[in-house]
Structures are given as structure tokens and as C-alpha cells.
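Visitor: can you look at this prediction? I've put the sequence above it.
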Amino acid sequence: MLEENKKVNLKTRMTAIGKFSLKTETATNPSVPTFFLALSNTNNSTSTSTNNSNIIDAKAITLPSRDNTLTTTEFEQTWLQRKMHEKHPRFHSKVTPCGEFFEPTELELHRHTSETLHMNLYPYRQDLKKRIELLVTTAMDVRDKLWEVQISSGDLGQSGAISQQRSRDIIRETETETETESSGNGNGNNTGKTLKETVMLFRCHHSLGDAVSLVAALGDLLDEAEEIQAKIRFEIQKRKNKHQGALKKLWRFLQKMIWFLFGSIQALQRQGYLMWTTAQNPFLAVLNKSNKDGLELAALGRSVSWCDVAGVDEVKKVAKIIGGPRATVNDVFVSCVTAAVARQLAEHRKRRSSSDNNYNNGNGDGDEVQMQMQMQKLMNVVIPAHLTGGILPPGRGVGNLIGAFVAQVPGEMDANTLPSERLQLVHASLDKVKRSPAPVLGYLIAKFTSQWLPESWAVGLFRRSSANAAVAITNSRGYEEKVHINGRTVESMVGFIPLPPGLPVGVVVQSYGSVISLTVNAEKWAVPDADKFLSWVLEEYKLLCKEASLKSQS
């Protein structure tokens, strides 16, 4: 009896957003964030490659594979050595049958890890893409485990997880280093290095935690873990120092209360207006489909893609030149993504018009006028926002502290409209909403829904709360410098947003190593080719760069 009581006491209550993610997921829209880390072995080093005290003693773990790629055995032992199970016990939990609590499981890492065959490059990235498309549409049994990782290794660039350009750069850098070492040793023989990569393909259930807390938690696996924690503590202290003093704190509290009270009224009015006036998702409207059709079309699967775009400093410069001093990186890519959505809608409309003409024996009279009337001149976008500003305080475990807001931005615009005009309109719309309490209200409403409403009501409210948005766009801020795991460089960190029911497209704008990258996770019926969709985003960004260059020269 005492043992049973002890087990009950070990249970921890699930966060409100965690319960919400369980209640609102469906068979075709599981709430399963998916991401991968791609490592290179170019440092040709083992776990003793750095003096950081967080690095594992080489005697404590199994030696790396002969080509210095990461194996499942080394990953598991690294996990234990760095006490991930003690720092973040939720990684070793499962959801109770009632769906209200987490309870601990046995520390059996082999249940979470698997070694798989490495992905083939040809056709380019298709193997990795198919694996991701399967993972984002496959539900997890949260009553068994909350996360898993597939680990595979092969030749550098073989999978497409590391871009072709970056792979070429790595090879060139390694050849230069080898030549320098050879000449320095007076040895003319250039033996070279075996260039390999390891891909760690993760997926977890959203009830485990949001993207910010998951990335922060996995940061404890890194060689630079202590330095990262020190930077976070410094940043938190810097924020606190801004508001020292009793009077300053009281004044700030009063400002927040006034802001929340009046801002909440405006935010709720705005949300209600968007929900009332946006009767249908623009993709369904263009395809002449109903909301019920959209649920059935979800069975067609997903289309995913990812790419590097540009350096963070370059994007910030473009934002300021075109959008103004308060314009952000996120503004730039919301503008570029919505431009791509507009092109996708136009393509759907053109294909549908062509199909209808063929059915009607080629009678296309009035098609152009009809197409103009059907243009989606405004569209709604969902912007998830972390309530701590993307910083997870040291000592806090994985969890969910994320809200969201809906903003209305330009959709399909006149062909003569400049990209800079779209960006300025997007910035004006987003700036107004993101400075309101809308993200906090989103969090509080989700919390209330998860605790008090039945599952069917929660799903219905969640679907309507997106106001038939065309796309969800989230910003994930990663590490400014490249990080390492046991001396191996993490060349890329790429994540995919889980699509909630009724939202056909999700885009992640993420930074890592001072480079901005984008990912797309889309319903295939809405975006049949995510690679093509991303190419449209890049085209819009290049046009913005061109305008920014001309403006800076004038």
C-alpha cells in the first residue's frame, strides 16, 4: 500500500497547453513537433576534444565509431553522463490514462533510440523528406513514451540534411586544413580525412513541451551547455536590472495592468471580427471545397521542405531599410511567405479554371473577370509567440508556455505591387497586434479550454480560433554560434511546426549559426510541392534585397 501511494505522489500535473495539445489533435493532425540535427565529423575529435567540464570523460563512454560518427550507444551514454534524466525527468515520463498527469517510466533509453539506414541523396533529399512527412502525420502513443530519435550516419551531404553549399564549404575547409597540416609537418603526403555526417531525427509529443523549452533542454547535451546557461543568466539579470527600485516596479506593474485591460478588449474585438468575417480558408475557397472537404483532403498527406536563406544581419538590414526601424526578421518572412501563398492560390485557380474549361469544351469567356473576382485580397495568419520572449530560465524544465495571435495581412495583390509595399503593410498589421496582449489571451483561453471544456468543444473552438488562417508562421531563435556534441559540429538544426486541424500550411523561421533558414510543413492538397513553394518565398526575398540595395544607394 505504501508503494502504491509513493507511485501516486510521483505523478506530476500536465501543463494546460499540454492537455490542450492532446485534446485538439486528430488522426490526420497529430500534435507532434519534428526536427533534425545534422552533425559533421570534420573536427576529427572524440569527447576529449575540448576542455569544457561538461564534456564526458572518454573512459566513461563507448569509443566513437571508426569514422567518428555518432552511434546510438554513444548517444545513450552521453544522455546519462550529462544527467539528462535528472535535469529533465519529463523525458522519461508517459501520460496517465486519464490524460491529466505525467508518470515516470523506467530509464530505458533503447526504447527511445533507434539506428536506421542512412538516407540517400538521389533524388535530392527525397528519402529524408519522406521520412519527415511520415513522422509529422503519425500519432504517438503518449501512454508509452513522449519522444524518440532515429540516428543514421553516412557520407557528408548524402542525406541532404546538410545543404549542398555547406557540404562543399566543409570539404574545401577540410582540404585547406589538411594541406596546412601536411606542409607544417614537412610531409607531402595528403592522406585527407573521411568526411561523414550523422543525422539525428527527433520527434516528440507537444504535451512534452514547446519548441523553446525542448531546444533549451537538448542544449544540456551540448559541449557548450555551461556557456549557454551562463549567457541566459546574464540576459535575465540584465532585464531585471532595467527595472530595479520599488517605484519603478510599481509603475511598471500599473502600466502592465492598464495595457492588459484595454489591450485585451481590443484584441478580443479584433479576433471576433476576423472569425466573423473570414467564412472560409482561402485555399478551400479557391478550390471550391467546403470545410468538411478539408478534413477529408488531409488524408492525402504532407509536403515538407527546408532551406537556408541568408545571414541574420543581412535580413535585419533589409527589414530596417524597407520596413522601418521597428521592422523585424519575422515581418520580412511573413511578407515573403504570404506572397508565396498568393502565388499558390493563383496557381490553384488557374489549374481549376483550365480544368473547368476542358470540361465545358473550351468555353473560357469571362474567365479573367471571374478569376479577378475570386482573388483573396486579404488573408489571416497565425503567429505563435513564446511568453518568456524565447528565453528559458536555467533550472526550469521542459514545458509549454506559448500563446498565439491572428493577424490580417495582404493576400493576392495587383501584379504591379512592389514587394516593399507588401512588407510595409505586413509590418503595420503585425506590429499593432504583437504589442497587444493577444498572445497572452491565446494562452489563457487555451488553458481554460483544456481544463473545462469537453474534447469535441475544444477541437471546434481551436479550429475556429485560427479564423480560417491560410498559414501559421513561427519564429525560433537558435544559437548564434555553431555548437557541438562530443566535438562534432552541429551543422544544421531544422524543425517543423505541427499543423493543427484546419491550418493547411506551417512555416518555421529559425536562426542557427547566424544564418536564417525556413521550413515548410503543408497539407499536400494545399501545397503539392513544398520545394516550389519555398522557391517562391526566396524569389520574394531576393526582390526585397534588390529594393533595399537600390534604396540604400539613393
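Guide: Arrived safely. Numbering: from 1, shown residues only.
Visitor: so for Thr50, what's the pLDDT?
Guide: For Thr50, the pLDDT comes out at 37.
Visitor: pull out the buried residues from stretch 506-521.
Guide: Applying a neighbour-count criterion of 16 or more other Cβ atoms under 10 Å, one finds 506-513, 515-521 buried in stretch 506-521. Any C-beta I mention is one placed from the backbone N, CA and C, and that applies to glycine too.
Visitor: quick one: mean pLDDT over that stretch.
Guide: 95.
Visitor: what does stretch 214-228 give?
Guide: 87.
Visitor: that stretch: which residues count as buried?
Guide: The neighbour-count check on stretch 214-228 (16+ other Cβ under 10 Å) flags 214-225, 228 as buried.
Visitor: and that stretch, how far from the chain's centre?
Guide: 18 Å (Cα atoms, centre = their mean, to the nearest Å).
Visitor: repeat for stretch 129-145
Guide: Distance of stretch 129-145 from its chain centroid, counting by Cα atoms, centre = their mean, is 16 Å.
Visitor: cool, stretch 516-525 as well?
Guide: Here stretch 516-525 shows a centroid-to-chain-centroid distance of 10 Å under the convention Cα atoms, centre = their mean.
Visitor: can you check stretch 110-127 too?
Guide: 20 Å.
Visitor: identify the residues contacting it?
Guide: 71-72, 75-76, 128, 131, 145, 147-154, 157-161, 199 (Cβ atoms under 8 Å, 6 or more residues apart in numbering).
Visitor: in strands, which of the residues you listed fall?
Guide: Trp147, Glu148, Val149, Gln150, Ile151, Ser152, Ser153, Gly154, Val199 (DSSP state E).
Visitor: those residues, buried ones only, as a PyMOL selection?
Guide: One line in PyMOL is enough to select the buried ones among the ones in strands among the contacts of stretch 110-127; burial here means 16+ other Cβ under 10 Å:
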select buried, resi 147+149+150+151+152+153+154+199
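Visitor: in JSON lines, list the ones in strands among the contacts of stretch 110-127 along with distance to Ile17 and pLDDT.
Guide: Shown next, in JSON lines, are those (distance: Cβ to Cβ, whole Å; pLDDT from 0 to 100):
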{"residue": "Trp147", "distance to Ile17": "17", "pLDDT": "95"}
{"residue": "Glu148", "distance to Ile17": "21", "pLDDT": "96"}
{"residue": "Val149", "distance to Ile17": "23", "pLDDT": "96"}
{"residue": "Gln150", "distance to Ile17": "26", "pLDDT": "97"}
{"residue": "Ile151", "distance to Ile17": "29", "pLDDT": "97"}
{"residue": "Ser152", "distance to Ile17": "32", "pLDDT": "96"}
{"residue": "Ser153", "distance to Ile17": "35", "pLDDT": "95"}
{"residue": "Gly154", "distance to Ile17": "37", "pLDDT": "93"}
{"residue": "Val199", "distance to Ile17": "29", "pLDDT": "96"}
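Visitor: end to end, how far does stretch 430-439 reach?
Guide: Stretch 430-439 has an end-to-end distance of 12 Å (criterion: Cα to Cα, to the nearest Å).
Visitor: I'd like the average pLDDT over it.
Guide: Stretch 430-439 shows a mean pLDDT of 88.
Visitor: buried ones in that stretch?
Guide: Applying 16+ other Cβ under 10 Å to stretch 430-439 flags Leu430, Asp431, Val433, Lys434, Ser436, Pro437, Ala438, Pro439 as buried.
Visitor: distance from the chain centre to it, please.
Guide: Using Cα atoms, centre = their mean, the offset of stretch 430-439 from its chain centre is 20 Å.
Visitor: what does it contact?
Guide: 259-260, 263-264, 266-267, 270-271, 326, 330-331, 334, 383, 385, 387, 403-407, 409.
Visitor: let's go with 7 Å and repeat that
Guide: By Cβ atoms under 7 Å, 6 or more residues apart in numbering, the surrounding residues in contact with stretch 430-439 are 259-260, 263-264, 266-267, 326, 331, 334, 383, 385, 387, 403-405, 407.
Visitor: so which elements touch the helix or strand hosting Cys545?
Guide: Cys545 belongs to helix 530-553 when elements are defined using DSSP states H and E. Packing contacts for helix 530-553, counted by 3 or more Cβ pairs under 7 Å, 6 or more residues apart in numbering; DSSP states H and E, involve strand 302-311, helix 312-318, helix 329-359, helix 419-434, strand 515-523.
Visitor: now do the first one against helix 530-553, angle only.
Guide: On the basis of axes from the mean of the first three to the mean of the last three Cα atoms, to 10 degrees, strand 302-311 is oriented at 20 degrees to helix 530-553.
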